[in-house]
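quick one, what's the 3D model for this:
(chains A, B, C and D)
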Protein chains: 4
Amino acid sequence: MTDKYKSLKEAAYEANMEIPRQKLAIYTFGNVSAIDRAAGIVAIKPSGVPYAELKVSDMVLVDLDNQVVEGSARPSSDTKTHILLYRNFPTIGGICHTHSTYAVAWAQAVRAIPNLGTTHADHLTHAVPVTAVMTDAMIQGDYEHETGQQILDVFQQENLSPEVVEMVLVACHGPFTWGKDAAKAVYNAGVLEEIAKMAYLTLQINPLAPPIKQTLMDKHFFRKHGKNAYYGQDC
Amino acid sequence: MTDKYKSLKEAAYEANMEIPRQKLAIYTFGNVSAIDRAAGIVAIKPSGVPYAELKVSDMVLVDLDNQVVEGSARPSSDTKTHILLYRNFPTIGGICHTHSTYAVAWAQAVRAIPNLGTTHADHLTHAVPVTAVMTDAMIQGDYEHETGQQILDVFQQENLSPEVVEMVLVACHGPFTWGKDAAKAVYNAGVLEEIAKMAYLTLQINPLAPPIKQTLMDKHFFRKHGKNAYYGQDC
Amino acid sequence: MTDKYKSLKEAAYEANMEIPRQKLAIYTFGNVSAIDRAAGIVAIKPSGVPYAELKVSDMVLVDLDNQVVEGSARPSSDTKTHILLYRNFPTIGGICHTHSTYAVAWAQAVRAIPNLGTTHADHLTHAVPVTAVMTDAMIQGDYEHETGQQILDVFQQENLSPEVVEMVLVACHGPFTWGKDAAKAVYNAGVLEEIAKMAYLTLQINPLAPPIKQTLMDKHFFRKHGKNAYYGQDC
Amino acid sequence: MTDKYKSLKEAAYEANMEIPRQKLAIYTFGNVSAIDRAAGIVAIKPSGVPYAELKVSDMVLVDLDNQVVEGSARPSSDTKTHILLYRNFPTIGGICHTHSTYAVAWAQAVRAIPNLGTTHADHLTHAVPVTAVMTDAMIQGDYEHETGQQILDVFQQENLSPEVVEMVLVACHGPFTWGKDAAKAVYNAGVLEEIAKMAYLTLQINPLAPPIKQTLMDKHFFRKHGKNAYYGQDC
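Below you'll find the model as predicted:
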């Protein structure tokens, strides 16, 4: 069984190790998972293990009913959030959660990150959405599942596509990002931290800084994404 | 005698070396101590020695009456603060003092750090308290002892437990943190610096950012601490 | 043919690699080009390639009509901006575009960076100019060419010399810098990021901070530039 | 002759190399000098040489009349500022000039750095003074000499001792620091940058943050300096 999911666990492990490399969290904070859609199996970081000690073989395998399938360690305490997103966002292949400093600051401020320039627009054609503050009933109920539900709710309310907007801020908590695979999910966490810092500084310099024009936002997004893209290499 | 306290001095040394590794102070600033409760002996950094030159054998041993028991160097000038905390907080095993930038800024602002999100709530269910500004009599008296007294006073006034709140800001000075051992004390210094920065940024983005809800604060703290914790590994 | 432009491609490659070394952009963001004026050939970074994977042989050669002359990869999506600048600024030998954090913040704030001190004045005797926000027609037309046109427009309107002012902010986007060669172009990108940060902090400390006096600005610029310069070594 | 000043040049070289190590300036910015008081000879960084290329043998020797005594390179363009300070502050053995980011921001803001806490008070019992803005006549006259004169003027006006206050901000320019030797001068440049950042953050958190009490300021300074000091080791 181990061999069967070797590459899945390696992908999850490598993406997790990008968190400290890109300075997206300190100590044990944060976690990344990767999914094998055909098998319905997710590899995720074990809970509370420092990155410096993490090994490929530590990755825990869970199924889409939140049951541990392989691994002696307890999976990330945020596992149910990941699973709910995998069940509802069928095209994503990896999810990342960090406590990166500037993204957390926006989440704690309970403010969406406005789309102020092309660095942001290169990656998404919206503000980075922020969820509502959780109700006491959600917090005291199935908390990590409800965290995922908050994310689904804001995407539904703002009519967002998880293929266009691959990041969200959970109010009073921090960012979740995703993508076609685990590497893209953690890449998006790095992008989010950078645009969170840029937006912070922009509004400190000019509190009336205008949001980017719709045309410029679309230009930058669609020169990188979709069938008319001309950024990057085809191979 | 040296052999008897070898592991105590090693624990203190390793925790001290985390200060420059985690960038919690420059040059010689900061110090960590570790206590052997059975023996009533504390190992602490010698005063004014740069981290790059520090050796295990430099750790100074002092007893709970502030007397040097072993070591040719003068112990940290903050030794009496450490000793008073050890005498009054009987369950702690290590203490750390840094001059980390954001924590010092809150201390100089004479402001408690509000609990604004889950990064903070994962570690304590209160604001990070700040002591009163010292009176002239305390400053001109037994200063380092009185610094410890200030900390005890704010814990008593705000009815805080040193097992739940493992960190404090000394007004116009900087942070002290502690924990079950020296490694946990310096870990808490790293956590404090991070939440100090996050709180700073949050209030710059939104000066009216709400404190975290009591339910969410409790949820995050108690999923990591106490008998119902489910974060991390049991072993 | 490869051998003929070997040194041109090496110069472009080395200057591109300074972007991550100086932390002027994350991931694949940013690009530098170098021109061989005699041949009318420009070497530029291929589009969307991470710096860690970049090789000298990846540099794409394009002519001044934006045609690829050598190289299997697609050139930077910003190539037309570079080419328009080379055609209109005849004395420059290299161009750099980054998404460095503080420079982008000023660009997103649509604010010129005021000349507040000698660090800035050592490099240019003006504010760092910011272009107008692009019209929809320009964005939906030949976008990257029009980005260059915006830069030419602000230089004409403010009567600036590209030999004295080697940097500009494109509104809602980010910085372009240039110089006598590619190494100087990326050096200027590093200088711009530093003065962008200093100006940000200065105005946070004192929103009424005065611009540098004309005499002091001239003193610092001309002790480093022109026939009476006495900074640096002659060789 | 070379051998005679070998240790002086090594001391100047080592102190200069601390500037990039402590991230106190980018590229070629900044310079440190060391003086041999008995010989009346100063070793100083050559002008405009990048730190990565600097060698001990590059240090230029100048006398107290600003004449080059040894060295094929042109000395730092700030040499006359150093010399005037050495002539007027007879007990100092080294001088450092950087363009460190936060110290420059305060200099550009033309604001003294208030003494807000013990990190600052551990090193000096005053605000960090800022000079007046130079007159046009001074700028257009013997500029670098007049820069030194500005420093002397503010020390006279505020009745400061260069042995107690080892740092100053030159308005619209940046910091100069000094000490008993070149190593202490650059150490003070690192301390200044840290307290400049702490003071910036403190006033952002609480614009009404109180200056440190006189008693606490004196306590911290004199436990580290003078005949009753008990910080550090005696040897």
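
just give me the residue closest to the centre of chain A.
residue A:177 (1.3 Å; C-alpha atoms, centre = their mean).

mind listing what that residue touches?
A:95-98, A:166-168, A:185-186, A:188-189, A:192 (C-beta atoms under 8 Å, 6 or more residues apart in numbering or on different chains). No exception for glycine: its C-beta is placed from N, CA and C like everyone else's.

how about residue A:69?
For residue A:69, the contact set (C-beta under 8 Å, 6+ apart) comprises A:41, A:61-63.

what do you get for residue A:229?
A:222-223.

hang on, the earlier thing: farthest pair within the contacts of residue A:177?
A:168 and A:186 (15.1 Å; C-beta to C-beta).

look at these two and report which has more neighbours.
Taking other C-beta atoms under 10 Å in any protein chain shown, residue A:168 and residue A:186 do not tie; residue A:186 has more neighbours (29 against 24).

surely the more buried one and residue A:25 touch.
No. Residue A:186 is not in contact with residue A:25 according to C-beta atoms under 8 Å; the separation is 10.7 Å.

and the residue in chain A that chain B sits nearest to, what helix or strand is that in?
Minimum separation of chain A from chain B (C-beta to the nearest C-beta) falls at residue A:48, amounting to 3.0 Å. Per DSSP states H and E, residue A:48 falls between elements, in no helix or strand.

torsion angles phi and psi at it?
Note on residue A:48: backbone dihedrals following degrees, to the nearest 10 are phi 70, psi 20.

what about it, neighbour count?
Count around residue A:48 with other C-beta under 10 Å applied: 18.

leaving aside the residues adjacent along the chain, what's closest to it?
residue B:232 (3.0 Å; C-beta to C-beta, 6 or more residues apart in numbering or on different chains).

I figured the one you found was touching residue A:50, is that so?
No. Residue B:232 is beyond contact range of residue A:50, at 10.6 Å (criterion: C-beta under 8 Å).

between the two, which contacts overlap?
residue A:28.

who's more crowded, the two?
Using other C-beta under 10 Å as the criterion, residue B:232 and residue A:50 rank with residue B:232 on top: 17 against 12.

roughly how far does that one sit from residue D:125?
47 Å (C-beta to C-beta, to the nearest Å).

could you do residue A:113 as well?
Relative to residue D:125, residue A:113 is positioned 44 Å away (C-beta to C-beta).

get me the contact residues on chain A for chain C.
Taking C-beta under 8 Å from any C-beta of the partner chain, the part of chain A that reaches chain C is made up of A:22, A:116-119, A:187, A:190-191, A:194, A:197-199, A:201-202, A:204-206, A:209-210, A:212-213, A:215-216, A:219, A:223, A:230-234.

ok, residue A:212 - contacts?
Counting by C-beta under 8 Å, 6+ apart, residue A:212 makes contact with A:115-118, A:120-121, C:172.

and the residue lying closest to residue A:219 once chain neighbours are set aside, which of the three is it?
Nearest residue to residue A:219 in three dimensions, chain neighbours excluded: residue C:139, at 5.2 Å (C-beta to C-beta, 6+ apart). At residue C:139, secondary structure determined by DSSP: H, G, I helix; E, B strand; the rest coil is helix.

low pLDDT regions in chain A?
Within chain A, the ranges that satisfy pLDDT under 70 run A:1-2, A:235.

and the residue of it nearest chain C?
Closest point on chain A to chain C, by C-beta to the nearest C-beta, is residue A:232, at 3.0 Å.

quick check: which element contains that residue?
Per DSSP H and E, there is no helix or strand for residue A:232.

what residues are up against it?
A:224, C:28, C:47-48, C:74.

ok so, going back, what sits against the residue nearest to residue A:219?
So residue C:139 contacts A:213, A:215-216, A:219, C:146 (C-beta under 8 Å, 6+ apart).

same check, this time on residue A:100
Here residue A:100 is in contact with A:23-25, A:174-175, A:189, A:192-193, A:196 (criterion: C-beta under 8 Å, 6+ apart).

change it to 10 Å
Residues in contact with residue A:100 (C-beta atoms under 10 Å, 6 or more residues apart in numbering or on different chains) are A:19, A:22-26, A:29-30, A:107, A:174-175, A:177, A:189-190, A:192-194, A:196-197, B:198.

filter those residues to the buried ones?
A:19, A:22, A:24-26, A:29-30, A:107, A:174-175, A:177, A:189-190, A:192-194, A:196-197, B:198 (16 or more other C-beta atoms under 10 Å in any protein chain shown).

since that was my last question, I'll sign off now.
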